[in-house]
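**Student:** coords below, sequence missing:
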DNA sequence: TCACGGATTATGGTTTTCCGTAAAATATTG
DNA sequence: CAATATTTTACGGAAAACCATAATCCGTGA
(Lines give C-alpha, C1' and ligand atoms only; values in the text may rest on other atoms or scores of the structure.)
Protein backbone atom coordinates (compact mmCIF):
# COMPACT_ATOMS: atom_id res chain seq x y z
CA UNK A 1 0.00 0.00 0.00
CA UNK A 2 1.09 3.58 -0.59
CA UNK A 3 3.07 5.28 2.15
CA UNK A 4 2.99 8.94 1.08
CA UNK A 5 0.29 10.56 -1.00
CA UNK A 6 -0.32 14.01 -2.45
CA UNK A 7 -3.69 15.34 -3.60
CA UNK A 8 -4.08 18.19 -6.09
CA UNK A 9 -7.67 19.42 -5.94
CA UNK A 10 -9.02 22.94 -5.64
CA UNK A 11 -12.50 22.39 -4.26
CA UNK A 12 -12.09 22.00 -0.53
CA UNK A 13 -15.20 19.91 -0.01
CA UNK A 14 -13.87 17.26 -2.38
CA UNK A 15 -10.54 17.35 -0.66
CA UNK A 16 -12.25 16.43 2.57
CA UNK A 17 -13.94 13.52 0.82
CA UNK A 18 -10.70 12.16 -0.58
CA UNK A 19 -9.02 12.43 2.80
CA UNK A 20 -11.76 10.29 4.31
CA UNK A 21 -10.97 7.63 1.72
CA UNK A 22 -7.29 7.67 2.58
CA UNK A 23 -8.01 7.42 6.29
CA UNK A 24 -10.23 4.45 5.54
CA UNK A 25 -7.31 2.77 3.81
CA UNK A 26 -5.03 3.54 6.76
CA UNK A 27 -2.95 5.97 4.75
CA UNK A 28 -2.06 8.73 7.17
CA UNK A 29 0.84 10.42 5.44
CA UNK A 30 -0.83 12.66 2.86
CA UNK A 31 -0.73 16.29 1.83
CA UNK A 32 -2.98 18.31 -0.40
CA UNK A 33 -2.53 21.35 -2.61
CA UNK A 34 -5.16 23.63 -4.03
CA UNK A 35 -2.87 24.80 -6.80
CA UNK A 36 -0.92 22.87 -9.41
CA UNK A 37 2.19 24.96 -8.92
CA UNK A 38 2.24 24.22 -5.22
CA UNK A 39 1.71 20.51 -5.78
CA UNK A 40 4.57 20.39 -8.23
CA UNK A 41 6.93 22.18 -5.86
CA UNK A 42 6.05 19.79 -3.05
CA UNK A 43 6.67 16.80 -5.26
CA UNK A 44 10.01 18.13 -6.41
CA UNK A 45 11.07 18.98 -2.87
CA UNK A 46 10.15 15.50 -1.67
CA UNK A 47 12.41 14.01 -4.33
CA UNK A 48 15.30 16.24 -3.23
CA UNK A 49 14.73 15.29 0.37
CA UNK A 50 14.93 11.64 -0.64
CA UNK A 51 11.43 11.02 0.64
CA UNK A 52 9.33 11.09 -2.52
CA UNK A 53 5.59 10.64 -2.81
CA UNK A 54 4.47 7.34 -4.25
CA UNK A 55 0.96 8.42 -5.32
CA UNK A 56 -0.52 11.55 -6.86
CA UNK A 57 -4.28 12.02 -6.99
CA UNK A 58 -5.02 14.98 -9.23
CA UNK A 59 -8.04 16.82 -10.55
CA UNK A 60 -7.86 18.00 -14.15
CA UNK A 61 -9.45 21.45 -14.10
CA UNK A 62 -8.51 24.12 -11.61
CA UNK A 63 -10.15 27.44 -10.96
CA UNK A 64 -8.20 30.41 -12.13
CA UNK A 65 -7.55 33.19 -9.80
CA UNK A 66 -6.14 36.68 -9.94
CA UNK A 67 -2.64 35.33 -9.31
CA UNK A 68 -0.23 34.14 -11.96
CA UNK A 69 0.26 30.41 -12.30
CA UNK A 70 2.82 28.41 -14.23
CA UNK A 71 0.79 25.22 -14.37
CA UNK A 72 -2.90 25.82 -14.92
CA UNK A 73 -4.34 22.37 -15.52
CA UNK A 74 -4.08 18.89 -14.11
CA UNK A 75 -2.96 17.61 -17.50
CA UNK A 76 0.12 19.80 -17.38
CA UNK A 77 0.80 18.94 -13.77
CA UNK A 78 0.69 15.22 -14.47
CA UNK A 79 2.92 15.61 -17.48
CA UNK A 80 5.56 17.55 -15.56
CA UNK A 81 5.42 15.18 -12.60
CA UNK A 82 6.00 12.22 -14.92
CA UNK A 83 9.14 13.94 -16.19
CA UNK A 84 10.72 14.47 -12.78
CA UNK A 85 9.50 11.24 -11.20
CA UNK A 86 8.67 8.58 -13.78
CA UNK A 87 7.90 5.91 -11.22
CA UNK A 88 5.17 7.69 -9.29
CA UNK A 89 1.65 6.30 -9.60
CA UNK A 90 -0.94 8.79 -10.78
CA UNK A 91 -4.71 8.82 -10.46
CA UNK A 92 -6.74 11.38 -12.41
CA UNK A 93 -9.94 12.21 -10.51
CA UNK A 94 -12.26 14.31 -12.61
CA UNK A 95 -15.75 14.93 -13.95
CA UNK A 96 -14.33 14.83 -17.46
CA UNK A 97 -16.21 12.20 -19.43
CA UNK A 98 -15.11 12.83 -23.00
CA UNK A 99 -13.70 9.58 -24.26
CA UNK A 100 -10.90 10.95 -26.34
CA UNK A 101 -9.69 13.11 -23.46
CA UNK A 102 -9.51 10.14 -21.10
CA UNK A 103 -7.90 7.97 -23.72
CA UNK A 104 -5.26 10.59 -24.29
CA UNK A 105 -4.46 10.67 -20.57
CA UNK A 106 -3.67 6.97 -20.64
CA UNK A 107 -1.95 6.90 -24.04
CA UNK A 108 0.02 10.13 -24.02
CA UNK A 109 0.60 11.07 -20.40
CA UNK A 110 0.56 7.63 -18.87
CA UNK A 111 -1.77 7.88 -15.90
CA UNK A 112 -2.36 4.70 -13.91
CA UNK A 113 -6.01 5.22 -13.13
CA UNK A 114 -8.92 7.41 -14.10
CA UNK A 115 -11.72 7.85 -11.57
CA UNK A 116 -14.84 9.69 -12.68
CA UNK A 117 -16.20 12.04 -10.03
CA UNK A 118 -19.76 11.00 -9.50
CA UNK A 119 -22.19 8.87 -7.65
CA UNK A 120 -19.76 6.06 -6.83
CA UNK A 121 -16.46 7.82 -7.05
CA UNK A 122 -15.51 7.11 -3.45
CA UNK A 123 -15.74 3.38 -4.03
CA UNK A 124 -13.99 3.68 -7.39
CA UNK A 125 -11.21 5.65 -5.80
CA UNK A 126 -10.67 2.96 -3.19
CA UNK A 127 -10.61 0.28 -5.88
CA UNK A 128 -8.19 2.26 -7.98
CA UNK A 129 -5.80 2.76 -5.09
CA UNK A 130 -5.91 -0.91 -4.17
CA UNK A 131 -5.29 -2.11 -7.71
CA UNK A 132 -2.47 0.18 -8.68
CA UNK A 133 -0.70 -0.13 -5.34
CA UNK A 134 -0.18 -3.86 -5.73
CA UNK A 135 0.30 -4.22 -9.47
CA UNK A 136 0.98 -2.36 -12.68
CA UNK A 137 -2.59 -2.79 -13.81
CA UNK A 138 -4.56 0.24 -14.91
CA UNK A 139 -7.93 1.25 -13.46
CA UNK A 140 -10.76 3.18 -15.09
CA UNK A 141 -14.24 3.91 -13.75
CA UNK A 142 -16.74 1.56 -15.39
CA UNK A 143 -18.96 4.40 -16.66
CA UNK A 144 -16.22 5.55 -19.01
CA UNK A 145 -14.35 2.30 -19.56
CA UNK A 146 -15.60 2.09 -23.13
CA UNK A 147 -13.74 5.23 -24.05
CA UNK A 148 -10.47 3.28 -24.20
CA UNK A 149 -11.77 1.36 -27.17
CA UNK A 150 -12.43 4.50 -29.17
CA UNK A 151 -10.63 4.70 -32.44
CA UNK A 152 -8.07 7.37 -32.76
CA UNK A 153 -9.30 10.83 -33.49
CA UNK A 154 -5.80 11.89 -34.25
CA UNK A 155 -6.33 12.81 -37.85
CA UNK A 156 -6.85 16.30 -36.55
CA UNK A 157 -3.71 18.36 -36.41
CA UNK A 158 -2.65 21.62 -34.91
CA UNK A 159 -3.67 23.73 -37.88
CA UNK A 160 -7.20 22.37 -37.66
CA UNK A 161 -7.37 23.36 -34.02
CA UNK A 162 -6.11 26.83 -34.84
CA UNK A 163 -8.75 27.28 -37.51
CA UNK A 164 -11.46 26.19 -35.11
CA UNK A 165 -10.20 28.50 -32.39
CA UNK A 166 -10.11 31.44 -34.74
CA UNK A 167 -13.60 30.70 -35.96
CA UNK A 168 -14.96 30.52 -32.44
CA UNK A 169 -13.30 33.84 -31.71
CA UNK A 170 -15.29 35.48 -34.50
CA UNK A 171 -12.62 35.54 -37.19
CA UNK A 172 -13.92 35.13 -40.73
CA UNK A 173 -12.38 32.64 -43.14
CA UNK A 174 -10.76 35.42 -45.14
CA UNK A 175 -9.26 36.93 -42.02
CA UNK A 176 -7.92 33.55 -40.95
CA UNK A 177 -6.19 33.21 -44.29
CA UNK A 178 -4.64 36.65 -43.80
CA UNK A 179 -3.41 35.71 -40.34
CA UNK A 180 -1.94 32.46 -41.62
CA UNK A 181 -0.13 34.27 -44.42
CA UNK A 182 1.31 36.81 -42.01
CA UNK A 183 2.43 34.07 -39.62
CA UNK A 184 3.87 31.91 -42.39
CA UNK A 185 1.67 28.98 -41.55
CA UNK A 186 1.90 26.42 -44.31
CA UNK A 187 -1.52 26.06 -45.88
CA UNK A 188 -2.77 29.58 -46.28
CA UNK A 189 -4.98 29.60 -49.32
CA UNK A 190 -8.71 29.96 -49.40
CA UNK A 191 -9.24 26.49 -50.78
CA UNK A 192 -6.93 24.83 -48.29
CA UNK A 193 -8.82 26.29 -45.36
CA UNK A 194 -12.11 25.44 -47.03
CA UNK A 195 -10.98 21.90 -47.58
CA UNK A 196 -9.92 21.48 -43.97
CA UNK A 197 -13.20 22.87 -42.76
CA UNK A 198 -15.02 20.51 -45.02
CA UNK A 199 -13.05 17.56 -43.63
CA UNK A 200 -13.71 18.66 -40.08
CA UNK A 201 -17.41 18.99 -40.75
CA UNK A 202 -17.39 15.54 -42.25
CA UNK A 203 -15.45 14.09 -39.34
CA UNK A 204 -17.62 15.61 -36.64
CA UNK A 205 -20.82 15.12 -38.61
CA UNK A 206 -21.55 18.85 -38.51
CA UNK A 207 -24.13 20.43 -40.78
CA UNK A 208 -22.32 23.76 -41.05
CA UNK A 209 -19.62 25.85 -39.45
CA UNK A 210 -21.74 27.02 -36.55
CA UNK A 211 -22.54 23.44 -35.75
CA UNK A 212 -18.90 22.44 -36.06
CA UNK A 213 -17.73 25.04 -33.57
CA UNK A 214 -20.55 24.13 -31.24
CA UNK A 215 -19.60 20.44 -31.31
CA UNK A 216 -15.90 20.96 -30.85
CA UNK A 217 -16.52 23.35 -27.98
CA UNK A 218 -18.69 20.75 -26.28
CA UNK A 219 -16.00 18.15 -26.76
CA UNK A 220 -13.45 20.40 -25.15
CA UNK A 221 -11.25 20.47 -28.23
CA UNK A 222 -11.27 24.23 -28.30
CA UNK B 1 -29.94 26.96 14.02
CA UNK B 2 -31.44 24.53 11.56
CA UNK B 3 -32.86 21.30 12.89
CA UNK B 4 -33.34 19.19 9.76
CA UNK B 5 -31.33 19.55 6.58
CA UNK B 6 -31.37 17.92 3.16
CA UNK B 7 -28.49 17.93 0.69
CA UNK B 8 -28.94 17.42 -3.05
CA UNK B 9 -25.53 16.69 -4.57
CA UNK B 10 -24.46 13.96 -6.94
CA UNK B 11 -20.72 13.79 -6.36
CA UNK B 12 -20.23 11.63 -3.31
CA UNK B 13 -16.91 13.16 -2.31
CA UNK B 14 -18.52 16.60 -2.02
CA UNK B 15 -21.36 15.13 -0.05
CA UNK B 16 -18.88 13.90 2.51
CA UNK B 17 -17.38 17.37 2.73
CA UNK B 18 -20.73 19.02 3.34
CA UNK B 19 -21.60 16.51 5.99
CA UNK B 20 -18.42 17.40 7.86
CA UNK B 21 -19.58 21.02 7.86
CA UNK B 22 -22.95 20.11 9.31
CA UNK B 23 -21.37 17.97 12.01
CA UNK B 24 -19.12 20.91 12.86
CA UNK B 25 -22.22 23.04 13.36
CA UNK B 26 -23.81 20.37 15.54
CA UNK B 27 -26.48 19.62 12.98
CA UNK B 28 -27.02 15.90 13.18
CA UNK B 29 -30.35 15.46 11.47
CA UNK B 30 -29.53 15.56 7.77
CA UNK B 31 -30.15 13.47 4.70
CA UNK B 32 -28.69 13.56 1.26
CA UNK B 33 -29.89 12.64 -2.20
CA UNK B 34 -27.85 12.06 -5.31
CA UNK B 35 -30.82 12.76 -7.57
CA UNK B 36 -33.16 15.72 -7.77
CA UNK B 37 -36.23 13.55 -8.06
CA UNK B 38 -35.35 11.70 -4.88
CA UNK B 39 -34.65 14.93 -3.01
CA UNK B 40 -38.00 16.34 -4.05
CA UNK B 41 -39.86 13.24 -2.94
CA UNK B 42 -38.16 13.31 0.45
CA UNK B 43 -39.04 16.97 0.93
CA UNK B 44 -42.66 16.40 0.00
CA UNK B 45 -42.91 13.38 2.25
CA UNK B 46 -41.45 15.33 5.17
CA UNK B 47 -44.15 17.97 4.73
CA UNK B 48 -46.86 15.31 4.75
CA UNK B 49 -45.36 13.75 7.86
CA UNK B 50 -45.50 17.16 9.52
CA UNK B 51 -41.76 17.14 10.04
CA UNK B 52 -40.48 19.31 7.20
CA UNK B 53 -36.89 20.16 6.42
CA UNK B 54 -35.88 23.70 7.25
CA UNK B 55 -32.81 23.88 4.96
CA UNK B 56 -32.01 22.63 1.48
CA UNK B 57 -28.43 22.69 0.21
CA UNK B 58 -28.48 21.96 -3.50
CA UNK B 59 -26.00 21.68 -6.32
CA UNK B 60 -27.13 23.07 -9.68
CA UNK B 61 -25.86 20.59 -12.23
CA UNK B 62 -26.42 16.87 -11.94
CA UNK B 63 -24.97 14.07 -13.98
CA UNK B 64 -27.36 12.41 -16.33
CA UNK B 65 -27.72 8.74 -16.23
CA UNK B 66 -29.36 6.05 -18.28
CA UNK B 67 -32.49 6.35 -16.16
CA UNK B 68 -35.34 8.75 -16.77
CA UNK B 69 -35.60 11.75 -14.48
CA UNK B 70 -38.36 14.29 -14.00
CA UNK B 71 -36.15 16.97 -12.51
CA UNK B 72 -32.78 17.20 -14.15
CA UNK B 73 -31.24 20.34 -12.68
CA UNK B 74 -30.87 22.05 -9.35
CA UNK B 75 -32.64 25.11 -10.74
CA UNK B 76 -35.77 23.09 -11.36
CA UNK B 77 -35.52 21.35 -8.02
CA UNK B 78 -35.26 24.64 -6.15
CA UNK B 79 -38.17 26.09 -8.08
CA UNK B 80 -40.42 23.14 -7.34
CA UNK B 81 -39.41 23.04 -3.68
CA UNK B 82 -40.26 26.74 -3.34
CA UNK B 83 -43.75 25.96 -4.63
CA UNK B 84 -44.52 23.23 -2.13
CA UNK B 85 -42.70 24.77 0.82
CA UNK B 86 -42.27 28.54 0.46
CA UNK B 87 -40.72 28.98 3.89
CA UNK B 88 -37.75 26.62 3.53
CA UNK B 89 -34.31 28.20 3.38
CA UNK B 90 -32.28 27.30 0.32
CA UNK B 91 -28.54 27.40 -0.33
CA UNK B 92 -27.25 26.89 -3.86
CA UNK B 93 -23.79 25.32 -3.77
CA UNK B 94 -22.21 25.28 -7.17
CA UNK B 95 -19.17 25.99 -9.34
CA UNK B 96 -21.36 28.19 -11.53
CA UNK B 97 -19.78 31.62 -11.69
CA UNK B 98 -21.72 33.34 -14.47
CA UNK B 99 -23.10 36.51 -12.94
CA UNK B 100 -26.42 36.59 -14.69
CA UNK B 101 -27.10 32.98 -13.72
CA UNK B 102 -26.48 33.69 -10.04
CA UNK B 103 -28.48 36.89 -10.17
CA UNK B 104 -31.38 35.02 -11.68
CA UNK B 105 -31.29 32.50 -8.83
CA UNK B 106 -31.77 35.28 -6.31
CA UNK B 107 -34.22 37.38 -8.34
CA UNK B 108 -36.40 34.74 -9.97
CA UNK B 109 -36.19 31.63 -7.81
CA UNK B 110 -35.51 33.25 -4.46
CA UNK B 111 -32.57 31.37 -3.01
CA UNK B 112 -31.28 32.54 0.35
CA UNK B 113 -27.59 31.99 -0.25
CA UNK B 114 -25.19 31.20 -3.03
CA UNK B 115 -21.93 29.48 -2.12
CA UNK B 116 -19.33 29.07 -4.83
CA UNK B 117 -17.57 25.70 -4.75
CA UNK B 118 -13.91 26.45 -4.51
CA UNK B 119 -10.93 27.08 -2.32
CA UNK B 120 -12.88 28.47 0.64
CA UNK B 121 -16.26 27.00 0.11
CA UNK B 122 -16.31 25.13 3.40
CA UNK B 123 -15.91 28.36 5.34
CA UNK B 124 -18.41 30.14 3.10
CA UNK B 125 -20.90 27.38 3.62
CA UNK B 126 -20.60 27.71 7.38
CA UNK B 127 -21.06 31.46 7.19
CA UNK B 128 -24.05 31.10 4.91
CA UNK B 129 -25.74 28.64 7.25
CA UNK B 130 -25.10 30.85 10.26
CA UNK B 131 -26.43 33.98 8.61
CA UNK B 132 -29.59 32.62 7.05
CA UNK B 133 -30.49 30.54 10.10
CA UNK B 134 -30.78 33.58 12.35
CA UNK B 135 -32.07 36.23 9.95
CA UNK B 136 -33.65 36.82 6.58
CA UNK B 137 -30.40 38.19 5.21
CA UNK B 138 -29.00 36.76 2.02
CA UNK B 139 -25.48 35.37 1.65
CA UNK B 140 -23.29 35.20 -1.42
CA UNK B 141 -19.68 34.09 -1.73
CA UNK B 142 -17.43 37.14 -1.99
CA UNK B 143 -15.81 36.02 -5.25
CA UNK B 144 -19.09 36.42 -7.07
CA UNK B 145 -20.77 39.08 -4.94
CA UNK B 146 -20.34 41.65 -7.69
CA UNK B 147 -22.64 39.70 -9.96
CA UNK B 148 -25.68 40.98 -8.08
CA UNK B 149 -24.95 44.48 -9.28
CA UNK B 150 -25.00 43.46 -12.92
CA UNK B 151 -27.48 45.27 -15.05
CA UNK B 152 -30.31 43.25 -16.43
CA UNK B 153 -29.64 41.24 -19.52
CA UNK B 154 -33.30 40.58 -19.83
CA UNK B 155 -33.81 42.05 -23.24
CA UNK B 156 -33.26 38.52 -24.45
CA UNK B 157 -36.40 36.45 -24.60
CA UNK B 158 -37.27 32.84 -25.04
CA UNK B 159 -37.46 32.99 -28.82
CA UNK B 160 -33.93 34.34 -28.95
CA UNK B 161 -32.73 31.42 -26.88
CA UNK B 162 -34.53 28.98 -29.13
CA UNK B 163 -32.92 30.47 -32.21
CA UNK B 164 -29.49 30.22 -30.62
CA UNK B 165 -30.08 26.64 -29.56
CA UNK B 166 -31.19 25.65 -33.02
CA UNK B 167 -28.20 27.34 -34.59
CA UNK B 168 -25.80 25.56 -32.27
CA UNK B 169 -27.48 22.29 -33.19
CA UNK B 170 -26.65 22.85 -36.83
CA UNK B 171 -30.02 24.05 -38.07
CA UNK B 172 -29.90 26.60 -40.88
CA UNK B 173 -31.86 29.82 -40.74
CA UNK B 174 -34.33 28.60 -43.33
CA UNK B 175 -34.89 25.39 -41.39
CA UNK B 176 -35.45 27.34 -38.19
CA UNK B 177 -38.12 29.39 -39.94
CA UNK B 178 -39.77 26.17 -41.10
CA UNK B 179 -39.72 24.77 -37.57
CA UNK B 180 -41.18 27.98 -36.16
CA UNK B 181 -43.97 27.96 -38.73
CA UNK B 182 -44.81 24.36 -37.95
CA UNK B 183 -44.83 25.05 -34.22
CA UNK B 184 -46.84 28.25 -34.56
CA UNK B 185 -44.20 30.38 -32.93
CA UNK B 186 -45.05 34.00 -33.45
CA UNK B 187 -42.30 35.61 -35.49
CA UNK B 188 -41.64 33.12 -38.22
CA UNK B 189 -40.51 35.12 -41.18
CA UNK B 190 -37.06 35.22 -42.65
CA UNK B 191 -36.53 38.86 -41.83
CA UNK B 192 -37.77 38.54 -38.28
CA UNK B 193 -35.25 35.85 -37.50
CA UNK B 194 -32.56 37.81 -39.30
CA UNK B 195 -33.38 40.90 -37.31
CA UNK B 196 -33.23 39.04 -34.02
CA UNK B 197 -29.90 37.52 -34.93
CA UNK B 198 -28.62 40.93 -35.81
CA UNK B 199 -29.75 42.27 -32.44
CA UNK B 200 -28.16 39.39 -30.61
CA UNK B 201 -24.88 39.89 -32.43
CA UNK B 202 -25.03 43.54 -31.52
CA UNK B 203 -25.83 42.80 -27.89
CA UNK B 204 -23.09 40.23 -27.41
CA UNK B 205 -20.61 42.12 -29.58
CA UNK B 206 -20.25 39.14 -31.90
CA UNK B 207 -18.62 39.48 -35.30
CA UNK B 208 -20.73 36.79 -36.93
CA UNK B 209 -23.03 33.88 -36.17
CA UNK B 210 -20.27 31.45 -35.32
CA UNK B 211 -18.91 33.95 -32.83
CA UNK B 212 -22.36 34.55 -31.38
CA UNK B 213 -22.97 30.89 -30.69
CA UNK B 214 -19.48 30.55 -29.26
CA UNK B 215 -20.04 33.44 -26.86
CA UNK B 216 -23.47 32.37 -25.69
CA UNK B 217 -22.24 28.84 -25.15
CA UNK B 218 -19.42 30.14 -22.99
CA UNK B 219 -21.87 32.20 -20.99
CA UNK B 220 -24.01 29.19 -20.37
CA UNK B 221 -27.03 30.72 -22.05
CA UNK B 222 -27.40 27.75 -24.34
C1' DT C 1 15.83 14.20 -65.73
C1' DC C 2 11.26 12.78 -65.95
C1' DA C 3 7.04 10.73 -64.57
C1' DC C 4 4.08 10.13 -60.74
C1' DG C 5 1.24 11.08 -56.56
C1' DG C 6 -0.03 13.91 -53.02
C1' DA C 7 -0.73 18.29 -51.22
C1' DT C 8 -1.65 23.01 -52.03
C1' DT C 9 -3.63 26.64 -54.65
C1' DA C 10 -6.67 28.80 -58.20
C1' DT C 11 -11.12 29.43 -60.45
C1' DG C 12 -16.07 29.74 -61.10
C1' DG C 13 -20.66 28.91 -59.84
C1' DT C 14 -24.30 27.98 -56.26
C1' DT C 15 -26.25 28.56 -51.80
C1' DT C 16 -26.62 30.80 -47.53
C1' DT C 17 -26.21 34.60 -44.79
C1' DC C 18 -26.14 39.54 -44.17
C1' DC C 19 -28.14 44.13 -44.25
C1' DG C 20 -30.80 47.97 -45.68
C1' DT C 21 -35.24 49.70 -47.28
C1' DA C 22 -39.99 49.54 -47.62
C1' DA C 23 -44.64 47.61 -47.31
C1' DA C 24 -48.09 45.37 -44.49
C1' DA C 25 -50.11 44.06 -40.26
C1' DT C 26 -50.95 44.96 -35.51
C1' DA C 27 -51.13 47.97 -31.26
C1' DT C 28 -51.62 52.28 -29.07
C1' DT C 29 -53.53 56.68 -28.28
C1' DG C 30 -56.35 60.73 -28.40
C1' DC D 1 -62.40 56.10 -35.70
C1' DA D 2 -58.40 58.29 -37.37
C1' DA D 3 -53.62 59.04 -36.65
C1' DT D 4 -49.45 57.30 -35.08
C1' DA D 5 -46.12 53.87 -33.28
C1' DT D 6 -44.42 49.36 -33.14
C1' DT D 7 -43.84 44.96 -34.84
C1' DT D 8 -43.73 41.74 -38.41
C1' DT D 9 -43.05 40.58 -43.17
C1' DA D 10 -41.34 41.15 -48.02
C1' DC D 11 -37.85 42.11 -51.29
C1' DG D 12 -33.25 42.78 -53.42
C1' DG D 13 -28.48 43.41 -53.68
C1' DA D 14 -23.84 42.50 -51.44
C1' DA D 15 -20.90 39.63 -48.92
C1' DA D 16 -19.49 35.38 -47.15
C1' DA D 17 -19.49 30.58 -47.15
C1' DC D 18 -19.92 26.28 -49.76
C1' DC D 19 -18.58 22.98 -53.29
C1' DA D 20 -16.69 20.78 -57.38
C1' DT D 21 -13.12 20.87 -60.72
C1' DA D 22 -8.77 21.99 -62.61
C1' DA D 23 -4.12 23.77 -62.45
C1' DT D 24 0.25 24.13 -60.00
C1' DC D 25 3.88 22.98 -56.86
C1' DC D 26 7.06 19.61 -54.78
C1' DG D 27 9.26 15.57 -53.15
C1' DT D 28 10.22 10.68 -54.42
C1' DG D 29 11.92 7.06 -57.00
C1' DA D 30 12.82 5.00 -61.57
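**Tutor:** Now that the structure is in, tell me what you want to look at. Being a predicted model, the structure only gives us computed values, none of them experimental. Numbers count the residues shown, from 1 in each chain, chains lettered A, B, ... in the order given.
**Student:** tell me, how many residues neighbour residue A:27?
**Tutor:** Number of residues near residue A:27 (other Cβ atoms under 10 Å in any protein chain shown) recorded here: 18. Using the backbone N, CA and C atoms, a C-beta is placed for each residue, glycine as well.
**Student:** cool, and residue A:186?
**Tutor:** Using other Cβ under 10 Å, residue A:186 has 7 neighbouring residues.
**Student:** so it sits in a helix?
**Tutor:** No. Checked against DSSP: H, G, I helix; E, B strand; the rest coil, residue A:186 lies outside a helix; its state is coil.
**Student:** verify the contact between residue A:146 and residue A:102 for me.
**Tutor:** No. Between residue A:146 and residue A:102 there is no contact under Cβ atoms under 8 Å: 10.0 Å.
**Student:** looking at the two, which is more packed in?
**Tutor:** Set residue A:146 next to residue A:102 and count neighbours by other Cβ under 10 Å: residue A:102 wins out with 24 against 10.
**Student:** okay, and that one sits in which element?
**Tutor:** Assigned by DSSP states H and E, residue A:102 falls within helix A:99-104.
**Student:** and residue A:17, what does it touch?
**Tutor:** Residues in contact with residue A:17 (Cβ atoms under 8 Å, 6 or more residues apart in numbering or on different chains) are A:122, B:12, B:13, B:14, B:15, B:16, B:17.
**Student:** can I assume it sits in a helix?
**Tutor:** Yes. According to three-state DSSP, residue A:17 belongs to a helix.
**Student:** so which residues on chain A come close to DNA strand D?
**Tutor:** Taking Cβ under 7 Å from any atom of the strand as the contact definition, chain A meets DNA strand D at A:172, A:173, A:174, A:191, A:194, A:197, A:198, A:201, A:208, A:209.
**Student:** how many residues are close by the fourth one?
**Tutor:** It stands for residue A:191. Counted with other Cβ under 10 Å, residues neighbouring residue A:191 total 10.
**Student:** quickly find the element holding it.
**Tutor:** Assigned by DSSP H and E, residue A:191 falls in helix A:190-203.
**Student:** quick one: the helices in chain A, in order.
**Tutor:** Secondary structure of chain A (DSSP state H): helices located at A:12-24, A:36-48, A:74-84, A:99-104, A:121-134, A:158-168, A:173-182, A:190-203, A:209-218.
**Student:** and the last one with helix A:173-182, angle?
**Tutor:** Going by axes from the mean of the first three to the mean of the last three Cα atoms, to 10 degrees, helix A:209-218 is angled at 60 degrees with respect to helix A:173-182.
**Student:** give the rounded mean pLDDT of helix A:209-218.
**Tutor:** The pLDDT scores in helix A:209-218 average 93.
**Student:** list the buried residues for that helix?
**Tutor:** A:209, A:210, A:211, A:212, A:213, A:214, A:215, A:216, A:217 (16 or more other Cβ atoms under 10 Å in any protein chain shown).
**Student:** tell me what that helix is packed against?
**Tutor:** Packing partners of helix A:209-218 (3 or more Cβ pairs under 8 Å, 6 or more residues apart in numbering or on different chains; DSSP states H and E): helix A:158-168, helix A:190-203, helix B:158-168, helix B:209-218.
**Student:** give me the longest strand you can find in chain A.
**Tutor:** strand A:89-94 (DSSP state E).
**Student:** give me the distance between the nearest residue to residue A:71 once chain neighbours are set aside and DNA strand D.
**Tutor:** Spatial nearest neighbour of residue A:71, excluding adjacent residues (Cβ to Cβ, 6 or more residues apart in numbering or on different chains): residue A:36 at 3.8 Å. Applying Cβ to the nearest atom of the strand, to the nearest Å, the value for residue A:36 to DNA strand D is 37 Å.
**Student:** swap in residue A:146?
**Tutor:** For residue A:146 relative to DNA strand D (Cβ to the nearest atom of the strand), the value is 31 Å.
**Student:** same question, residue A:111
**Tutor:** Distance, residue A:111 to DNA strand D, by Cβ to the nearest atom of the strand: 36 Å.
**Student:** how many neighbouring residues does that residue have?
**Tutor:** 25.
**Student:** which residues touch it?
**Tutor:** Taking Cβ under 8 Å, 6+ apart as the test, what residue A:111 contacts is A:78, A:90, A:91, A:92, A:105.
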